[in-house]
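J.: predicted model follows, preceded by the sequence.
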Amino acid sequence: MSTYTYPGVYIQELPSPVHPITGVATSIAAFVGYTARGIDNRAQAIYSFSDFERLYGGLASNSEVSYAVQQFFQNGGSQAYVVRTPMHYPASPIPVIDAAVEIAKSGANGITFTALSSGQWANGQLLVDIDVQGLDLSTTTGDPLAFNLTITDLLDGTTEYFPEVTLNSALQNYFVAVVNDPDNGSQLVNVTANLPTTPTALEVTGVLGTPLTISAVNTALGGGTAVANADCSLTLTLPNGPVTPPTIKVIGNGITIAQTVSGLASQLQQALNNWLMVNVPGASVTCVAAPSGTGTGIRVNALLPNQPDAMISFGSPATGNDASKVLGLNPTEFSNVAHYALGTTTVNAGLGLASTPATKPSGLPLNDELIGDPSAFSGIYALTKVDLFNLLSIPEAARALPGNPNSPDPNINATEIYSAAIALCDQRRAMLLIDPPPNVNTVAAAVDWKTNTLGVVDANGAAFFPRLRLADALNNGQLRTFAPSGVVAGVYANTDATRGVWKAPAGIGATLNGVQNMTYQLSDQENGALNPLGLNCFRTFPLYGPVLWGARTLVGADAMTNQWKYVPVRRVALFLEESLYRGTKWVVFEPNDEPLWAAIRLNVGSFMDSLFKKGFFQGITADQAYFVKCDDETTTQADIDLGIVNILVGFAPLKPAEFVVIQIEQLTGQAGS
């Protein structure tokens, strides 16, 4: 408080009791299942199907999730998270191996890059490039263990560049820490390293490309005077065998040999590139001065875009002067790699290169992969690292056997998957969208599935029938049967955007974009048999086409008389809970007395009033629509002593006009009096 010392006006700024509450998003979808590629067991945000194609490889015929994501955005979705679950691998003796490449192998020491995405797709498609361009590698001013690292995905051209990382684990830019950083590191590979305490020798012999040792310049090069023709034999070794070693003229008659190693590197680089330009279009090399085990050398880094694992080595030409000797290049020991390719079968033991291809997967993900492990954040539990999601789709849970669309996979226990998923949804205040199995294609089967087989009863879920038929872009537009949860998630998102979460996502406005048919066409009477069970049906009507014609939760059966019978009522409650949970955190540790309670009533009341004006609740007046209570009646002295403040919020939800009754009465004509 200010000290008043002179007569006059004093200005004081008082803290405001206003803490505006912002409503959370309501239609962020989460999809869990197998995709063609992508990082395993990591939830990644996407905002279009183009994002999905870039991160997960797009549509794949054996990926239910890929089609569900496409249908979500096709029907109005705008934001989603995708968790890629790897294919199921059988138990030992068949090992689980991802595409990898080991470089700089020296005894027990080595560096291994492994694809983050399991499966054979990565074999030969991920490249690791290492170069030292633009780096100061001198032992006096620079880091001799520094290098630039580039990771390339040949399938979509994605390139990750990590400049000036180091083998020195004591530095902040240690390459293992940089590449494996979960937020800013590689989204393509993981790296492990087993390096000696002082990895100088390892750095020289493999990781950065071997320096070609140069003898003392004034001695070996005759003091920089002009010499006779100096040729160099260069061997380009391809993964499928070497080509004929060409003879390349490095220094011709009358050309003065450079006085420095850097100058020699420039002469060598020009000679090599002149030959490569003609004989290997697109290839190039860079030659830089770098320290070696015996002094200063020339490091040759090759870039051969179409030849992963190709090597360039030097040797003596068949005839003529030998520039490799004139330049002091060891003709038998040194070679340099263009790319390290993950998952190829190329092995160059002399270079310290061992590439391991991914083993052939045995099948699609099963229960263990889809459910995952909470402690490892795998499967559905990868979503626990997501800030917010509202709709969960697991189309793999109702997967058909390949070649038999009428039979569910006996290796999949849908009830087990849905039980784990609904528990997660309860924790995260989200809705689980449940797909019917492929063999549920009649009304009788649907009744039995919802009543006896599904085994999940919870307000935070909704089940649908029948499965939908859409064109398959991977099969010349032929119709294919799909799990409907992707379409439903898009319809929910579109309804939220155009009307509001309080509006039932059903009716003639809930059109199913892209849907051309259904596995069963319901009549009104058949719909009337399923609706009282809480099973949401798809219908096709003239003019309107296919629509979602139901908005009940898993506890929406008439016999249950549950307060969360309707999807919009439950979703409004979840919206309020999540918004108030996030919007009242400022209350924690505030003095628990009437000033705090008044501030709570002000802020929560303002939020509820804004929703009332948008049409969220029943009632003509605010008193009829909602109430907020926080005072000495809700929070007793015993609560205060325990550090508890109780806030009571009530609302009158809008319930869908599910049954429209029109009464018609015939009037008897009467003569006027």
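T.: Arrived safely, thanks for sending.

J.: what ranges of the stretch 151-300 of the chain fall below the confidence cut-off?
T.: Where the stretch 151-300 of the chain drops to pLDDT under 70, the residues are 196-229, 235-246, 253-254, 257, 259, 290-297.

J.: just the strands in it please.
T.: 159-166, 189-194, 211-213, 230-238, 241-242, 247-251, 284-292, 295-303 (DSSP state E, counting those that start in this stretch).

J.: quick one: closest of the ones you listed to Ala43.
T.: strand 189-194 (17.3 Å; CB to CB). From N, CA and C alone the C-beta is placed, and that goes for glycine too.

J.: given the closest one, what are its sheet partners and their directions?
T.: strand 109-115 (antiparallel) (DSSP bridges).

J.: do me a favour and average the pLDDT over the strand it pairs with.
T.: For strand 109-115, mean pLDDT rounds to 79.

J.: so which other helices or strands are in contact with the next helix or strand after that strand?
T.: Later in the chain than strand 109-115, the nearest helix or strand by DSSP states H and E is strand 126-131. Packed against strand 126-131 by the contact rule (3 or more CB pairs under 8 Å, 6 or more residues apart in numbering; DSSP states H and E) you find strand 109-115, strand 146-153, strand 295-303, strand 340-341.

J.: picking up where we left off before, compare the strands of the stretch 151-300 of the chain and give me the one nearest Ala483.
T.: strand 189-194 (31.9 Å).

J.: would you mark the buried spots in that closest one?
T.: Val189, Asn190, Val191, Ala193 (16 or more other CB atoms under 10 Å).

J.: mind listing the strands for the stretch 301-450 of the chain?
T.: 311-315, 335-337, 340-341, 347-348, 353-356, 391-393, 400-401, 404-408, 431-434.

J.: which one of the ones you listed has the lowest average pLDDT?
T.: Among the strands of the stretch 301-450 of the chain, strand 347-348 carries the lowest mean pLDDT (a mean of 49).

J.: picking that back up, quick one: which of the strands of the stretch 151-300 of the chain is nearest Pro15?
T.: Across the strands of the stretch 151-300 of the chain, closest to Pro15 is strand 159-166 (CB to CB), at 46.1 Å.

J.: what's in contact with that closest one?
T.: 135, 143, 145-153, 173-175, 178-179, 186-188 (CB atoms under 8 Å, 6 or more residues apart in numbering).

J.: OK, contacts around Trp433?
T.: In this structure residue 433 is Leu, not Trp. Leu391, Leu392, Ser393, Gly461, Ala462, Phe464, Ser485, Val488, Ala489.

J.: measure it to Asn390 for me?
T.: Applying CB to CB, to the nearest Å, the value for Leu433 to Asn390 is 11 Å.

J.: cool, and Phe52?
T.: From Phe52 to Asn390 the distance is 18 Å (CB to CB).

J.: ditto for Ser186
T.: 30 Å.

J.: likewise for Ser63?
T.: In terms of CB to CB, Ser63 sits 23 Å off from Asn390.

J.: report the secondary structure element holding Pro595.
T.: helix 594-614.

J.: touching, Pro437 and Thr415? I think so.
T.: No - in terms of CB atoms under 8 Å, Pro437 does not count as a neighbour of Thr415; the distance is 10.9 Å.

J.: these two: which has the busier surroundings?
T.: Taking other CB atoms under 10 Å, Pro437 and Thr415 do not tie; Pro437 has more neighbours (22 against 13).

J.: before we move on, back to that, which among the strands of the stretch 151-300 of the chain is found nearest to Met560?
T.: Using CB to CB, the strands of the stretch 151-300 of the chain put strand 189-194 closest to Met560, at 48.4 Å.

J.: just the buried ones among the contacts of Leu433, please.
T.: Members of those classed as buried by 16+ other CB under 10 Å are Leu391, Leu392, Ser393, Gly461, Ala462, Phe464, Ser485, Val488, Ala489.

J.: show me what the first one bridges to in the sheet.
T.: Here Leu391 shows beta-bridge partners Ala29, Met431, assigned using DSSP bridges.

J.: which residues sit in contact with it?
T.: Contacts of Leu391 by CB under 8 Å, 6+ apart are Ser27, Ile28, Ala29, Ala30, Ala430, Met431, Leu433, Ala489, Tyr492, Ala493.
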